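Engineer: Structural data only, the sequence is not supplied:
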């Protein structure tokens, strides 16, 4: 039996790209799942059929995670539906746009930080009391934060704000691991490189740039969304394990931390 059988998970931005793959694999591993979405309502609905076939409980909810009010509401809805919480996947985030230091004004930087760092803080803060309760009842709880290879290497052209935000997610991961460890909550991060099949690179990395990046990858290919999802499910499944404060690089060998 899967170690995740019956565990209760909240996945932010869990209805598209990497988040969708994570939601699917958590359901397949035996989790009851609540998926947050911002604009992917149709895909969020499609997951319901997968959960039904797997005999798992599933629901979804829309929220703008750049506000505390909506973040708190979303978590309350998820916890009410699931009956508690054991796993949080903080996947929401976006580059928003590629801008150099000269091009990025205060509003742009604020938007990038609010979405990529602020959403993690807001949702995690609301989830912590429920994760503590889940840890006490089930022998551990888990948070997995989605960062990026950009946090390691500074990102490509115009990715300064995004790389800075994702670097902050890594720092937050390490700090939270220390703060929440005594309550039995493990906190880890994933740092994906070029992952095709995600909306992120479809929007922000043109085909020619993708080819150039692939040429530098030792494994000779880009990753796909299931490569990241498998890693997320592994970290979640180690809810009673000894891995915390870690960042797992998923980039085909471009970077090893």
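Structural biologist: Okay, I see it. Since the structure is predicted, the reported quantities are computational estimates derived from the model, not experimental observations.
Engineer: hmm, what's the outermost residue in this structure?
Structural biologist: Within the chain, residue 102 marks the point farthest from the mean C-alpha position, 29.5 Å out by C-alpha atoms, centre = their mean.
Engineer: So for the residue nearest the centre of the chain, what's the nearest residue that isn't a sequence neighbour?
Structural biologist: Most central in the chain under C-alpha atoms, centre = their mean is residue 91, positioned 2.3 Å from the mean C-alpha point. In this structure, residue 91 finds its nearest non-sequential neighbour in residue 19, 4.1 Å apart by C-beta to C-beta, 6 or more residues apart in numbering. Just so you know, the C-beta spots here come from the backbone N, C-alpha and C atoms, and that holds for glycine as well.
Engineer: list the contacts for residue 190?
Structural biologist: Going by C-beta atoms under 8 Å, 6 or more residues apart in numbering, residue 190 touches 144, 145, 146, 147, 228, 231, 232, 235, 247, 248, 250.
Engineer: Does the fifth one touch residue 195 like I think?
Structural biologist: Yes - in terms of C-beta atoms under 8 Å, residue 228 counts as a neighbour of residue 195; the distance is 5.9 Å.
Engineer: so what sits against both of the two?
Structural biologist: 18, 250.
Engineer: just to revisit the earlier point, any idea which of the contacts of residue 190 is closest to residue 45?
Structural biologist: Nearest to residue 45, judged by C-beta to C-beta, of the contacts of residue 190 is residue 232 at 21.8 Å.
Engineer: So what's the residue count around that closest one?
Structural biologist: When neighbours are defined as other C-beta atoms under 10 Å, residue 232 has 30 of them.
Engineer: And for residue 169?
Structural biologist: Other residues within reach of residue 169, judged by other C-beta under 10 Å, total 24.
Engineer: hmm, back to that, who has more neighbours, residue 228 and residue 195?
Structural biologist: residue 228 (27 against 24).
Engineer: Pull the contacting residues for that one.
Structural biologist: Neighbour list for residue 228: 18, 21, 22, 146, 190, 192, 195, 250 [criterion: C-beta under 8 Å, 6+ apart].
Engineer: would you list every one of the strands in the chain?
Structural biologist: Using DSSP state E, the strands of the chain run over residues 8-11, 32-37, 58-62, 87-90, 141-146, 185-192, 195-196, 223-224, 247-250.
Engineer: closest to residue 119 out of those?
Structural biologist: The closest of the strands of the chain to residue 119 is strand 87-90. By C-beta to C-beta, the value is 7.1 Å.
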